[in-house]
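Colleague: Got a predicted structure plus its sequence, pasted below:
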Amino acid sequence: MRVLVLFAHPVETSFGAALHRQVVESLTSAGHEVDDCDLYAENFQPVLTREERIRYHDYPDNTGPVASHVERLKRAEALVIVSPVWNFGYPAILKGYFDRVWLPGVSFALEDGKLTPTLRHITKAAAVFTYGATPMRAFLAGNPPKKMIKRVLRAQIKIGAPVDFMAHYAMDVSTDETRARFMEKVKAKMAAF
Ligand SMILES: Cc1cc2nc3c(=O)[nH]c(=O)nc-3n(C[C@H](O)[C@H](O)[C@H](O)COP(=O)(O)O)c2cc1C
């Protein structure tokens, strides 16, 4: 499959970066064609500008500033997101990717106020997240990143597509062992993706 990997972490030596390398390596070894979108390395600009907001609904003109990302998204048959959780959401660079690239005409069509998802060619998705919070703290906060994947993203891709949510919680008290165990889980899931 053609897998678009979206990665959002600024530090090369982070655990997140190691997870990203593992995801790309395991998917590639399994025979997938990986489009590795490292948003920081690509210097993605996450801010939706005034001009973009004015033309937001004008497909296809709205895609002009992010044409290459729209092409990459349209080519994707599967999606894997690797990211830390910041403020119980996506890091700004990843949030901005969705704001600027998942546009009307690209990820959904809007006709007479009725919204129709248009990324049905994405037939599989997975998320690999790390949290500072424990599972209980994340639960008490409503765990928005998990809902963004399991509910929002799931509704935007192929109906019934498998969506795998993997998370290492409590990173601040993680150990070599917990990180190694999570890495193994990610490796196995990606090898079987
Ligand atoms: C700006 C910022 C905001 C954060 N906000 C949260 C948060 O709301 N919830 C949470 O569970 N962890 C939060 N964290 C902790 C990160 O999730 C944690 O540092 C990260 O998952 C560790 O992975 P890394 O070592 O690869 O960066 C935050 C960290 C940063 C830097």
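Modeller: Looks like it came in fine. Bear in mind the structure is a predicted one, so any value in this text is a computation, not a measurement.

Colleague: give me the element the spatially most central residue of the chain is part of.
Modeller: The centroid of the chain falls nearest to Ile81 when counting by Cα atoms, centre = their mean (3.1 Å). Ile81 belongs to strand 78-84 when assigned by DSSP states H and E.

Colleague: Next SSE downstream of that strand?
Modeller: Reading on from strand 78-84 to the C-terminus, the next helix or strand found by DSSP H and E is helix 92-101.

Colleague: My guess is Leu27 contacts Ala192. True?
Modeller: No. Counting by Cβ atoms under 8 Å, Leu27 does not reach Ala192; the two are 10.5 Å apart. C-beta here means a position set from N, CA and C on the backbone, and glycine is covered the same way.

Colleague: Check the spacing between the residue nearest to the centre of the chain and Asn87 real quick.
Modeller: Relative to Asn87, Ile81 is positioned 17 Å away (Cβ to Cβ, to the nearest Å).

Colleague: Which of Leu27 and Ala192 has more residues huddled nearby?
Modeller: Leu27 (22 against 9; other Cβ atoms under 10 Å).

Colleague: any idea whether the more buried one is helix, strand or coil?
Modeller: The three-state assignment at Leu27 reads helix, by DSSP: H, G, I helix; E, B strand; the rest coil.

Colleague: Return the distance of Asp172 relative to Ser83.
Modeller: Distance from Asp172 to Ser83, counting by Cβ to Cβ: 17 Å.

Colleague: Just give me the neighbour total for Glu71.
Modeller: The number of residues packed near Glu71 is 12, by other Cβ under 10 Å.

Colleague: what does Ala30 give?
Modeller: Ala30 has 14 neighbours, counted by other Cβ under 10 Å.

Colleague: what do you get for Pro60?
Modeller: For Pro60, the count of nearby residues is 11 (other Cβ under 10 Å).

Colleague: Kindly provide the distance from it to Val66.
Modeller: Using Cβ to Cβ, one gets 11 Å for the distance from Pro60 to Val66.

Colleague: where does this structure come near the ligand, residue by residue?
Modeller: 9, 14-16, 84-88, 130-133, 138, 171 (Cβ under 6 Å from any ligand atom).
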